[in-house]
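A.B. asks: task: produce atomic coordinates for the following.
(one chain, ligands or ions: 2)
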Amino acid sequence: MAINTLSTQVFAGQRPGTSGLRKKVTVFMQPMYLENFVQALFDVLNGVSADAQVGTALHGQTLVVGGDGRYHNRAAVQTILKLAAANGVQRVLLGQGGILSTPAVSAVIRGRQAFGGIVLSASHNPGGPDGDFGIKYNASNGGPANEALTEAVYARTQVLAQVRISDAPDVDINVQGTCGLDGMQVEVIDPVADYAAVMHSLFDFDMLRGMFKAGFRVRVDAMNAVGGPYAKAILEGELGAPAGTVVNAVPLEDFGGLHPDPNPVNAEDLIAHMAREDAPNFGAALDGDADRNMVVGRNFVVSPSDSLALMTAHAKLVPGYSQGLLGVARSMPTSAAVDRVAKALGIDCYETPTGWKFFGNLLDAGRVTLCGEESYGTGSSHVREKDGLWAVLFWLSLQGVSGRSVQSLVTDHWRTYGRNYYSRHDYEAIPTAVADALMLDLRAQLPQLQGRSFDARTVVLADDFSYTDPVDGLVSAKQGIRLVFDDGARVIFRLSGTGTEGATLRIYFENYEADTAHQDSPVQEALADLIAIAEQVAGVRARTGMAAPTVAT
Ligand code: VG1
Ligand code: CO
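C.D. replies: Numbers count the residues shown, from 1 in each chain. Ligands and ions are numbered 1, 2, ... in the order given. Prediction:
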C-alpha cells in the first residue's frame, strides 16, 4: 500500500456556509470534489503556508469521523480515511456503519480529547441520489470551526493542485474494533455509548424511568434519520418507554423520502398524532443529523424561541443545571422571549449571528450555559452543538418534575413573561440574482427606514446586524437586515447559508404581547401587520412572483 499524490483541479464554490459545505450529491460525486475539500482542510490544519511548507499539527493526532447515514455517507467515509492516513493522522474514531449524530461527534471529540472531527451531513436538507450532502469540521472543543478556519480552508481549495491519498483497500466499517490503514489506526466505535454517558450525567434517569412506568406516553419521530438509534437506545432501551415510542427510527439513505427538517409542515404525521383523541402526552421530532428538535404537546406546538425561554426559566429542575445558568445566548433572529427570562434571573443574554459556531466561544469562556435558535435548535454546555435528543430529555424532565403538560407550561410562561408571537417565512429556491438584489435594495433603504413610521409603529433601529465576538474580537458583518420598532416588534431579512438550490430568503417576524387577554391568537393573525410591513418594504411578491412563502413556521 502506498501514499499517492494525485493532481486535482480547483472547484468553484467550496466555501462553507452557515454549517459546513453543502451541495447536491451529484456535485459531491464529481471525481476529486470531496478529496479537494478534505485535502484543503488537512493542509490548513497542518499549517501549510503559502510557501507550501508542510506543518505537522495533524501528525500523531486523533480525528473523529461520522455522518448522518445519508446517501454517499459510506463512500465519503472511505475516501476521508484514505486522505487522513496520507496526511499524518494517527487514529480515526469512526462511528459504526459510518454513523454518528452531530451532537454525538461533539461528545466523542470532547470525551476522548480528540484533535477534531468531521461530520458528514447536510442536516435538515433532503437526502438521496437527488438530495444533498455535506461536510463540516469541528475543532477540539467539539464545536463547528470558526469563520477564520473555514475561510482559510476555502482559500486553500482555490489554489490546491495536489491531493495525498492512500491506495489501501476499503476498511470494514460495520464491525466495532480496530484495524490499520497505511499506518493509521481506525477504531470503529459504538455510535451511541459516549453520547448516552453524557445524557446520564445531566438527567435523572430514575425519575424519567418512573414516568414511563406510570404510563406517560411519548412519540418521537426520528424522520428516518440518524436520531433513531440514539432515541431508541435511550428512551426505549434505558428508560423503559414502550417499543414504538420512537417512530421512523431506522436511518435510511434517502430518509424514506421525508424532508428531515422538524417543523409542523415536514413532521405533519407527528402533528396529526398529537391532535388525536388518544394523543400521547408529549411528542417530538428530530432532524437529519439529530441536532434539531421540535417539541409538541397534545394539540399544541411549541415555538422554538419559546422552548429556549422555558428551558432557561426552569433549568434548575434538571440535575445538570441545578446550580443555575452562567448565561444564555440566542441567534439574532430568535425571539427575545429568552431575554426576558435572563433579565428576571439576573444572568447575561448574548445575541449572536445565525449558526451554532458562534456559541462556541461563549460556552468555552464560561459565559453561557444554554443556547438556542429559532430554527428548532437548542443546546447547552454539555457539547458544542445543538442537541435534539437532549432537548427531548430536558422537556420530559420538566414535565416529570412539575407534573404539568406542555401546553400549561407554555401558556403559564406567557402569562408571567408576556408572549413573543413569532414566525419565520421562507421563500425557497428563488433566483440568486433576485435574492441578492432584494437584499442590496433593503440595505440601501436602511437610512430612510430609520425613524420611519408604519401606522402606530416607528422604526427605532434599521441596520445590517454585525457581531463582534466578545471573546476573540472577530467581527462578522452583514448577518441580517433588521427593523426594530418602538414597541419591541422586529422584522428581519436574511439569506439562508445552507441551501443548495438558488437562494432562500428568510423573513422573521416577532411581536411582543404583554396583555394576558391577547396571548392566545393565531400566530399569523397576530403578526399580520408586520407581515404587511415586510412586503411593503421588500416587495417580495413582485420580485419573486411568489404569492406566499413556501414554508411558514
Ligand atoms: C439554518 C438555520 C440556522 C441553523 C442552520 C444549521 O441556517 O437558520 O439557525 O443553525 O440552518 O442547522 P440558514 O443559514 O439556512 O438560515 V442544521 O440542523 O441544518 O445543521
Ligand atoms: Co441539523
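
A.B. asks: does the residue of the chain found nearest ligand 2 count as helix, strand or coil?
C.D. replies: The minimum distance from the chain to ligand 2, using C-beta to the ion, falls at residue 123 (3.2 Å). The way it works is simple: take the backbone N, C-alpha and C, and place the C-beta from them, glycine included. The three-state assignment at residue 123 reads coil, by DSSP: H, G, I helix; E, B strand; the rest coil.

A.B. asks: residues near it, how many?
C.D. replies: By the criterion of other C-beta atoms under 10 Å, residue 123 has 27 neighbours.

A.B. asks: I figured it hits residue 19, correct?
C.D. replies: Yes. Residue 123 is within contact range of residue 19, at 6.4 Å (criterion: C-beta atoms under 8 Å).

A.B. asks: anything in contact with each of the two?
C.D. replies: By C-beta atoms under 8 Å, 6 or more residues apart in numbering, residue 123 and residue 19 have these common neighbours: 134, 498.

A.B. asks: near ligand 2, which residues of this protein?
C.D. replies: Within the chain, the residues that sit near ligand 2 (C-beta under 5 Å from the ion) are 123, 287, 289, 291, 292.

A.B. asks: how about those in CSV, adding pLDDT, distance to residue 184 and secondary structure?
C.D. replies: Listed next are the residues of the chain next to ligand 2 as CSV, based on pLDDT from 0 to 100; distance: C-beta to C-beta, whole Å; DSSP: H, G, I helix; E, B strand; the rest coil:
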residue, pLDDT, distance to residue 184, secondary structure
123, 95, 28, coil
287, 97, 32, coil
289, 97, 25, coil
291, 98, 28, coil
292, 97, 33, strand
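
A.B. asks: just name the closest of the residues you listed to ligand 1, please.
C.D. replies: Nearest to ligand 1 out of those is residue 123 (C-beta to the nearest ligand atom; 3.0 Å).

A.B. asks: out of the residues of the chain next to ligand 2, which are buried?
C.D. replies: Buried members of the residues of the chain next to ligand 2, counted by 16 or more other C-beta atoms under 10 Å: 123, 287, 289, 291, 292.

A.B. asks: between the residues you listed, which sits nearest residue 13?
C.D. replies: residue 123 (18.5 Å; C-beta to C-beta).

A.B. asks: so what's the closest one up against?
C.D. replies: By C-beta under 8 Å, 6+ apart, the contact list for residue 123 reads 19, 22, 68, 102, 134, 287, 288, 289, 291, 292, 498.

A.B. asks: within reach of ligand 1, which of those are there?
C.D. replies: When contact is defined as C-beta under 6 Å from any ligand atom, the contacts of residue 123 meet ligand 1 at 19, 287, 291, 292, 498.

A.B. asks: please, where are all the strands along the stretch 451-553 of the chain?
C.D. replies: 453-454, 457-464, 467-468, 475-476, 481-485, 490-495, 503-513, 551-552 (DSSP state E, counting those that start in this stretch).

A.B. asks: redo those as CSV? Include mean pLDDT and mean neighbour count.
C.D. replies: Putting the strands of the stretch 451-553 of the chain into CSV (pLDDT from 0 to 100; neighbours: other C-beta atoms under 10 Å) gives the following:
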stretch, mean pLDDT, mean neighbour count
strand 453-454, 96, 14
strand 457-464, 97, 16
strand 467-468, 97, 14
strand 475-476, 94, 14
strand 481-485, 98, 22
strand 490-495, 98, 22
strand 503-513, 97, 23
strand 551-552, 93, 18
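
A.B. asks: list the contacts for the nearest residue to residue 254 once chain neighbours are set aside?
C.D. replies: Among residues not flanking residue 254 along the chain, residue 128 sits closest, at 3.1 Å (C-beta to C-beta, 6 or more residues apart in numbering). By C-beta under 8 Å, 6+ apart, residue 128 lies in contact with 25, 70, 71, 253, 254, 255, 257.

A.B. asks: let's see which of those residues end up in strands.
C.D. replies: Under the assignment DSSP state E, those contribute nothing to strands.

A.B. asks: drop anything exposed from the residues you listed.
C.D. replies: The neighbour-count test (16+ other C-beta under 10 Å) marks 25, 70, 71, 253, 255 as buried among the contacts of residue 128.

A.B. asks: and which of the residues you listed is nearest to ligand 1?
C.D. replies: Of all those, residue 70 has the smallest distance to ligand 1: 12.3 Å, by C-beta to the nearest ligand atom.

A.B. asks: can you give me phi and psi for that closest one?
C.D. replies: phi -70, psi 170 (degrees, to the nearest 10).

A.B. asks: pLDDT averaged over the lengthiest helix in the chain, what's the number?
C.D. replies: With secondary structure taken from DSSP state H, the chain has its longest helix at helix 432-449. Across helix 432-449, pLDDT averages out at 96.

A.B. asks: hang on, the earlier thing: figure out which of the strands of the stretch 451-553 of the chain is closest to ligand 1.
C.D. replies: For the strands of the stretch 451-553 of the chain, proximity to ligand 1 was assessed by C-beta to the nearest ligand atom; strand 503-513 is nearest, at 5.6 Å.

A.B. asks: so which elements touch that closest one?
C.D. replies: For strand 503-513, the elements it packs on are strand 419-430, helix 432-449, strand 490-495, helix 528-538, helix 540-544, judged by 3 or more C-beta pairs under 8 Å, 6 or more residues apart in numbering; DSSP states H and E.
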